[in-house]
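[1] what's the 3D shape of this:
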Amino acid sequence: MENIIAISPTAQRGILAAQATSDEMLLEDVAAGSRPAMHILYARHRVRVYRFILQMVRDTATAEDLVSQVFLDVWRTAGQFEGRARVSTWLLSIARFKALTALRQRRHEDLDQDHVLEIPDQADTPETTLARNRTGDILRACIAKLSPAHQEIIHLVYYHEKSVEEAGLIIGIPQSTVKTRMFYARKQLAELLKDAGVDTRAA
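    Predicted structure coming up:
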């Protein structure tokens, strides 16, 4: 990945000019073989993709490796992007597939998946910021008690700010299913927070 992302001083002018370019235009340039465009796209989305993957795999080294795989796929397949969703949504779809594949491989190695999901997330996410106070600690603990499907919805909609439609595209489920999962995830989370002594009535 480094040889794709690394840039020469002469390429910096093109990168500066591309700063205001939309993701879709950047992806068109990537499809045409533009390394400066790839660098901008990587810089814009690397952290979001990393946090999304880390939330699933709970291992920093694995997450870093999968981020590289995601952007290598983008470099190779940019021309296949059909524009039916935002580029960020497309990237998270690729990231989710990579993460699920890694988790399946991990299960084949007889690792305890429940234990893996309980490993604390050390990324600097909004969730981690909240964890600096007691309420944040409680929130993290309650979210961790949700089913994997409900955790995924909470993270996509509230932490990655994806719409119902985008969440459905990323996961590969109908919008109605997204709404149903959101309803039950929020209901269960509210009950867990109430049991933990957090008043959610003002939320």
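[2] hey, which helix or strand in the chain has the poorest pLDDT?
    Here the helix or strand of the chain ranked lowest by mean pLDDT, DSSP states H and E is helix 113-117, holding a mean of 44.
[3] so where's the protein uncertain?
    Residue ranges of the chain with pLDDT under 70: 1-20, 108-134, 199-203.
[4] quick check: domain ranges of it?
    Taking automatic domain parsing as the criterion, the chain consists of the domains 1-121, 124-203.
[5] TSV for the ones you listed, including mean neighbour count?
    (C-beta placed from N, C-alpha, C; glycine too.) Converted to TSV, the domains of the chain look like this (neighbours: other CB atoms under 10 Å):
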stretch	mean neighbour count
domain 1-121	16
domain 124-203	16
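[6] how about the secondary structure of the residue nearest to the spatial centre of the chain?
    The residue lying closest to the centre of the chain (CA atoms, centre = their mean) is Phe52, at 2.4 Å. Assigned by DSSP: H, G, I helix; E, B strand; the rest coil, the conformation of Phe52 is helix.
[7] do you know how far it is from His155?
    7 Å (CB to CB, to the nearest Å).
[8] now do Gly136
    Distance from Gly136 to His155, by CB to CB: 15 Å.
[9] what do you get for Ile138?
    Separation of Ile138 from His155 (CB to CB): 17 Å.
[10] ok, now which ones touch the residue lying closest to Asp73 once chain neighbours are set aside?
    Distance criterion CB to CB, 6 or more residues apart in numbering; nearest residue to Asp73, sequence neighbours excluded, is Ile94 at 5.6 Å. By CB atoms under 8 Å, 6 or more residues apart in numbering, Ile94 lies in contact with 70, 73-74.
[11] now, which of those lie within helices?
    Judged by DSSP state H, the contacts of Ile94 include 70, 73-74 as members of helices.
[12] need those residues in TSV with distance to Tyr184, can you?
    TSV is the format used below for the ones in helices among the contacts of Ile94 (distance: CB to CB, whole Å):
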residue	distance to Tyr184
Val70	30
Asp73	33
Val74	34
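[13] relative to Gln151, which of these is nearest.
    Using CB to CB, Val70 comes nearest to Gln151 of these, at 20.5 Å.
[14] how about the helices in the protein?
    Shown for the chain, the helices assigned by DSSP H span residues 2-5, 12-17, 23-31, 35-57, 60-77, 87-108, 113-117, 126-130, 134-144, 148-154, 164-171, 175-195.
[15] wait, what's in contact with Leu156?
    By CB under 8 Å, 6+ apart, the contact set of Leu156 is 92, 162, 166-167, 170-171.
[16] pretty sure the residue nearest to the centre of the chain contacts Glu152?
    No: contact criterion CB atoms under 8 Å: Phe52 and Glu152 do not qualify, at 9.8 Å.
[17] adding distance to Leu26, write the contacts of Leu156 out as TSV.
    Putting the contacts of Leu156 into TSV (distance: CB to CB, whole Å) gives the following:
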residue	distance to Leu26
Leu92	16
Lys162	20
Glu166	19
Ala167	23
Ile170	20
Ile171	25
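[18] I am finished for the moment; much appreciated.
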